[in-house]
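Engineer: Got a sequence here, can you model it:
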Amino acid sequence: MTAIKLGLLYLFISFKLKYGLAESSSETLCPTELDIEKYTIQELIKITSAKSQNDKEFKEAVGCLWKNKGLVNEDGILSVDDFARELEKEFKEQVPKEVAERNTYEVLNYCRDVKGKNPGETAVKMLKCLGQWKVQHFINNERAESY
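Structural biologist: Now for the predicted structure:
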């Protein structure tokens, strides 16, 4: 399984939205068995697509991390402003500011209806949606460049 994980980690471009363990006493300590706190969002997108949407342990770990980062609340509602800010910051590490802003807007529009019943379900659904957006974005850009 380790070789599969390592192979999956390098397939996507880097959005480096880092996840960390709880940094203050008011934050919940997240499960560390999966060791996902070190992964970037692009790595989590790929891992999510390889996992079952019903993988409870994975959902709980990702949901806890997203909740601690303020990206989703206890009820599973995405904090759109905080998520957009983090995503745009990571896009800016890869592309010019204008492209980062446009990509962030496109992601938010593409994934606007994503909702889960709890933080983990919302996080996993959003990661899957981001993965779908990346594929669609790549296809659209390839078509535009071929004309």
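
Engineer: only C-alpha atoms for contact and neighbour calcs from this point on.
Structural biologist: Noted.

Engineer: The protein: helices as residue ranges?
Structural biologist: 2-9, 41-50, 56-68, 80-92, 97-110, 119-146 (DSSP state H).

Engineer: Which of these sits closest to residue 30?
Structural biologist: Smallest distance to residue 30 across the helices of the chain (Cα to Cα): 5.6 Å, for helix 56-68.

Engineer: Quick one: work out the angle between that closest one and helix 119-146.
Structural biologist: Angular relation of helix 56-68 and helix 119-146 on a 0 to 180 degree scale: 80 degrees, by axes from the mean of the first three to the mean of the last three Cα atoms, to 10 degrees.

Engineer: who does helix 56-68 touch, helix- and strand-wise?
Structural biologist: The contact analysis (3 or more Cα pairs under 8 Å, 6 or more residues apart in numbering; DSSP states H and E) places helix 56-68 against helix 119-146.

Engineer: Pull out the buried residues from the helix it packs on.
Structural biologist: 119-134 (16 or more other Cα atoms under 10 Å).
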